[in-house]
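1. Pasting the sequence and the predicted coordinates here, then a few questions.
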Amino acid sequence: MFQDDRHAANVPGQRPDAPAKHLPAARGRRLSRAVEVQEAVKDIILRRGLAAGDSLPTESELMDELGIGRNSVREALKALQAVGIVDIRHGFGMFVGRMSLSGLVDELAFHSRIALQDERNHLRHLIEIREVLEGGLVQRLIDLHRDTDLATVLSPVRDVVEQMEAEALVGAIPPETDRLFHDLLYKPLGNPLVGQLLGAFWEVYHQLRDDLGTPDEAPADVARKHRDIYTAVITGHRAAAETAMRAHFAGVRSRLARLGQS
């Protein structure tokens, strides 16, 4: 029997917790009461086949179905909201949350900033992971579209490259343009997680831009390196794509190395 809401009996609209007969049985080690309720709510989502954006039962309905009190339900919902499983919209209801890496971004940015202070450069490791990931993605893009006119498929990427070149003539290339290039480049892969992962890396790097100092590369060089990646991909040249991607990240590595020497 749950004791969290044992004083709720005297509060209008609330009730003490009843035995949680409908909570799923814990596997292996005993779960805490709070975690049990969270798992029960997740079990409801899975059993009902609910998808992101679908409505969830109300608090009262969850209380009745799980045999627990309002405080326990609210505590579980808040915990699930914090990790993106539940989306609580006041005045509208509760819904199954959509996957987001925003929490990961904040944590990585914060710990990377700490690491910059004591020379444990986590950001360098993140950049290395991103380079490996993107190096593999361009190869996959070439392999999956050998019988496709990639120049047509990637025409939005060509437009961004031309935008970069125009921006380089008058000043710096905005980070948003750089991000758009990478988002559009991998869009034909049809994998939404790619955009979210790369977006998470970009957000961390963007949050730390002031700590990293000014870029070493001239804007024209940045634009040229992006055109080299685009050209290698649309021509299906795997070795050239690998070289271009490595050159693209060389500027980032140089910026990090300079930071370590300061």
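-> Thanks, I have it.
2. My read is that residue 96 contacts residue 48, right?
-> No. Counting by CB atoms under 8 Å, residue 96 sits too far from residue 48 to count as a contact (9.7 Å). C-beta here means a position set from N, CA and C on the backbone, and glycine is covered the same way.
3. Mind listing what's buried along stretch 61-69?
-> For stretch 61-69, the neighbour count (16 or more other CB atoms under 10 Å) marks 62-63, 66-69 as buried.
4. Looking at residue 96 and residue 48, which is more packed in?
-> More crowded of residue 96 and residue 48, by other CB atoms under 10 Å: residue 96, with 19 against 12.
5. Enumerate the beta-bridge partners assigned to that one.
-> Under DSSP bridges, the beta-bridge partners of residue 96 are residue 86.
6. give me every residue that touches it.
-> Each residue near residue 96 by CB atoms under 8 Å, 6 or more residues apart in numbering is listed here: 45, 50-54, 56, 85-87.
7. And residue 179, by the same measure?
-> So, once contact is read as CB under 8 Å, 6+ apart, residue 179 ends up touching 199, 202.
8. ok, now residue 188?
-> 141, 144-145, 150, 153-154.
9. and the two most separated of those residues?
-> Within the contacts of residue 188, two members stand farthest from each other by CB to CB: 144 and 154, at 12.6 Å.
10. quick one: which of these two has more around it?
-> Neighbours per residue (other CB under 10 Å) separate residue 144 from residue 154, with residue 154 holding more: 22 against 13.
11. Hmm, that one is touching residue 234, no?
-> Yes. If you go by CB under 8 Å, residue 154 and residue 234 touch, sitting 5.9 Å apart.
12. Tell me if I am right that residue 123 is in a strand.
-> No. With DSSP: H, G, I helix; E, B strand; the rest coil as the criterion, residue 123 is located in helix rather than a strand.
13. related to what we said a few turns ago, of the contacts of residue 188, which belong to helices?
-> Counting by DSSP state H, these place 141, 144, 150, 153 in helices.
14. Give me the buried positions along stretch 44-52.
-> Buried-residue list, stretch 44-52, by 16+ other CB under 10 Å: 44-45.
15. hang on, I meant stretch 64-84
-> Using 16+ other CB under 10 Å as the test for burial, stretch 64-84 gives 66-77, 79-80, 84.
16. what's the farthest-apart pair in the residues you listed?
-> Largest separation among these by CB to CB: 67 and 84, giving 26.5 Å.
17. tally of neighbours for residue 98?
-> Residue 98: 11 surrounding residues under other CB under 10 Å.
18. quick one: contacts for it?
-> Going by CB under 8 Å, 6+ apart, residue 98 touches 52-53, 84, 87.
19. if we go to 7 Å?
-> By CB atoms under 7 Å, 6 or more residues apart in numbering, the contact list for residue 98 reads 52-53.
20. same deal with residue 135?
-> Contact analysis of residue 135 by CB under 7 Å, 6+ apart lists 242, 245.
21. On the three-state scheme, it is what?
-> Assigned state for residue 135: helix (three-state reduction, three-state DSSP).
22. From residue 233, how far off is it?
-> Applying CB to CB, to the nearest Å, one obtains 12 Å for the distance of residue 135 from residue 233.
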